[in-house]
Structure formats: C-alpha cells, structure tokens
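S.K.: sharing a model prediction with you, sequence too.
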Amino acid sequence: MDIIWIILAFLLILIGLLGAIIPGLPGPPFAWLALIVLNLTEKISYSTEFFAITALFALAITLLDYYVPIYGTKKFGGSKAGVWGSTIGLIVGIFVLPFLGIVIGPFGLLGIILGPFLGAYIGEKWVGKADEHAWRSAWGSFLGFLAGTFIKIAYALVIGYFVVRDLIVA
C-alpha cells in the first residue's frame, strides 16, 4: 500500500509544479498535500509543527501570488490608477475571460500574464501618464508575475526535496 501513497505524493508534487505556471491550479497547496499523503505510509512520520509551518508557507505563497504583480506595479512607479488597472486586469484575466469562454493561450496563462500587464498600462494611460511611464508600470506587473511563479516553483521543489530525502532515509 505504501507504493500507492508514494506515487500519489509524487503526482501531487508534479501538480504543484504545474500549478506554478497554470492559472487556477493552486500549486503550493497541492505540493503540501504530498506531505500529508506521504505521512500515510508506514515509513514516514512528520510532526504537527512541520505540517503547520509548511502549510503556512503554502497559504502565504498562494495569497502573495495574487499580490506580487500589484506590488511590482507600485515598485516600478505605478500610480494608484496603475495598481487598480493591474488588479482589475488580474481579475479579468483569472475570472472574467474564462467565465466568458475566452481562454487566451494554454490554460489561460496569457490571460493571467496579460491581464495585469495591460491593466496597469491602461490604468496609467487613463490618468494621462506618458507611454514610457505606463509601460514601466506594466513591466513591473509582469516582473511581479514572474517573481510569484518563481516562488511557487521553489516551494514545490522544496517539498519535493523533503519527500525524496525522507524516502531515501526511511
């Protein structure tokens, strides 16, 4: 029975890695579930503290993933209009376009990238900012998206490390 749990744990880590790049698939929680599944084996046992800490990281990373593009917009000089545009673009890219049956690119990935990017640009242009300023704000949104993706991939890889290490040691 342990082999089934181990295979399922690895599948959850792979889903966690895919969730780092596929919109709507929460990667960190899936990667975290791999620890729960691995704990069901007779060989591995994690402490409650370990579960709590890794769960808090998964939750924080998942929530930050929605904030980081907005932060990037601010950091690159975006005004409130750019931040609002980025936020609205993110919502449109995540929820509105798929709800309308419009999926841009594989799994809507372009919608989640282009939404905040174009939203920040449009927001800045709306309040009369120059093109250079608007594009800089949009670029900050894109870099924020990349940072969030990197953090999610790193989390899934760290969880994968724990799983592999503990299977080798056990």
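M.R.: Now that the structure is in, tell me what you want to look at.
S.K.: report how many residues lie close to Gly27.
M.R.: Residues lying near Gly27 (other Cβ atoms under 10 Å) number 27. Just so you know, the C-beta spots here come from the backbone N, C-alpha and C atoms, and that holds for glycine as well.
S.K.: quick check, Phe117 in contact with Phe142.
M.R.: Yes: shown here, Phe117 and Phe142 form a contact pair, counting by Cβ atoms under 8 Å, at 5.0 Å.
S.K.: what about those two, which has more around it?
M.R.: Using other Cβ under 10 Å as the criterion, Phe117 and Phe142 rank with Phe117 on top: 28 against 19.
S.K.: residues in contact with that one?
M.R.: When contacts are counted by Cβ atoms under 8 Å, 6 or more residues apart in numbering, Phe117 touches Ser86, Gly89, Ala138, Trp139, Ser141, Phe142, Phe145.
S.K.: so which elements touch the helix or strand where the last one lies?
M.R.: Phe145 is located in helix 131-169, with elements delineated by DSSP states H and E. Secondary-structure packing of helix 131-169 (3 or more Cβ pairs under 8 Å, 6 or more residues apart in numbering; DSSP states H and E): helix 2-19, helix 27-39, helix 48-75, helix 80-91, helix 109-126.
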